[in-house]
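S.K.: no FASTA, just this:
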């Protein structure tokens, strides 16, 4: 017997005939002709190699083998229906576990608000944040370890799908004692000969910062490359150097006594949602994806 030759439709027809003791009555219940019902039962019997019904001119009765099959099938079909209903319920209620990978500055700037909104709007979704540098985020998405990632406009592999959902500017952060802090308008060119304390190359922002400096004719004089903005802020608080930081990272500045200035002309970084092209998102992950888009756009 090849079980792949037996369809769910055939099993439903078998149970209908067993319940109504006839092809005509069962056919009327499931909108099939008597001949179609009889043909389906014949195929099922041939595949199983047993006779399921004894047919007379007046009624159709289950054989001993047919009765045994009917009893087992009723139990299995009930479990299948319950399983499918549970899957539909999870989809309708948007419930489940959602894993999102993202870099530290994005985690600090965006994800707390997203978690709050998910708790309020989707209480059955449990959001797990994987906080790591950009390259690790992309690798986790490629490996299927997370549902999707939130990244900074890199050149991504072709098997990743991306959507830009937000743009934010780079800002200058520096000690209040630095003469640049007294300027009404700070140009990128004002950073020439300044000691720069920048994010290292594990950050997706660093290549964008380098490109902006070069584009505006600044020869970078980098004295420190650090992995976390909080460490950068500590260095600046000691009176050493200035830094170019994405706007989202400024949420860590509270109480630091550092100055923040907009850099002109404005240089933005684009934030993107990314997932594997060959893997669809669950209903819960789709809800989180859409919530991040909506929250950041408003």
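M.R.: On my side now, so go ahead. Since this is a predicted model, take the numbers as computed values, not measurements.

S.K.: quick check: what element follows the helix or strand hosting residue 213 along the chain?
M.R.: In this structure, residue 213 sits in helix 206-215 according to DSSP states H and E. Later in the chain than helix 206-215, the nearest helix or strand by DSSP H and E is strand 222-226.

S.K.: which other helices and strands does that following strand contact?
M.R.: Packing partners of strand 222-226 (3 or more C-beta pairs under 8 Å, 6 or more residues apart in numbering; DSSP states H and E): strand 196-199, helix 229-237. Just so you know, the C-beta spots here come from the backbone N, C-alpha and C atoms, and that holds for glycine as well.

S.K.: next secondary structure element downstream of the last one?
M.R.: Okay, so that is helix 229-237. Using DSSP H and E, the helix or strand that follows helix 229-237 in sequence is strand 243-246.

S.K.: mean confidence for that next one?
M.R.: Averaging pLDDT along strand 243-246 yields 93.

S.K.: paired strands for the next helix or strand after it, with orientation please.
M.R.: For strand 243-246, the following helix or strand on the C-terminal side (DSSP H and E) is strand 258-264. Note on strand 258-264: by DSSP bridges, its sheet partners are strand 160-175 (antiparallel), strand 186-187 (parallel).

S.K.: angle of the very next helix or strand once past strand 258-264 against strand 160-175?
M.R.: Next helix or strand after strand 258-264 toward the C-terminus (DSSP H and E): strand 268-276. Here strand 268-276 points in a direction 150 degrees away from that of strand 160-175 (axes from the mean of the first three to the mean of the last three C-alpha atoms, to 10 degrees).

S.K.: in its sheet, what does strand 268-276 sit against?
M.R.: Strand 268-276 has its sheet partners listed here by DSSP bridges as strand 148-152 (antiparallel), strand 160-175 (antiparallel).

S.K.: who's in contact with the closest residue to residue 185 other than its chain neighbours?
M.R.: Using C-beta to C-beta, 6 or more residues apart in numbering and skipping the chain neighbours, the partner closest in space to residue 185 is residue 264 (5.8 Å). Residues near residue 264 by C-beta atoms under 8 Å, 6 or more residues apart in numbering: 185, 186, 187, 188.

S.K.: thinking again about what came up before, can you check which of the strands paired with strand 268-276 gets nearest to residue 289?
M.R.: Ranking the strands paired with strand 268-276 by distance to residue 289, with C-beta to C-beta as the measure, places strand 148-152 first at 6.2 Å.

S.K.: orientation of that closest one relative to helix 206-215 in degrees?
M.R.: Put simply, strand 148-152 runs at 20 degrees to helix 206-215, going by the same axes, to 10 degrees.

S.K.: average model confidence for strand 148-152?
M.R.: In the prediction, strand 148-152 has an average pLDDT of 92.

S.K.: how far does that strand sit from the chain's center?
M.R.: Taking C-alpha atoms, centre = their mean, to the nearest Å, the mean C-alpha location of strand 148-152 is offset from the chain mean by 9 Å.

S.K.: report the buried residues of it.
M.R.: Buried residues in strand 148-152, counted by 16 or more other C-beta atoms under 10 Å: 148, 149, 150, 151, 152.

S.K.: got the contact list for it?
M.R.: Against strand 148-152 from outside (C-beta under 8 Å, 6+ apart): 100-103, 106, 110-111, 134, 137-138, 140-141, 162, 203-205, 208, 269-275, 281, 285, 289, 292.

S.K.: buried ones in the longest helix anywhere in the chain, by neighbour count?
M.R.: Ranked by residue count and defined by DSSP state H, the top helix of the chain is helix 64-93. Buried residues in helix 64-93, counted by 16+ other C-beta under 10 Å: 66, 69, 70, 73.

S.K.: thanks again, I'm all set now.
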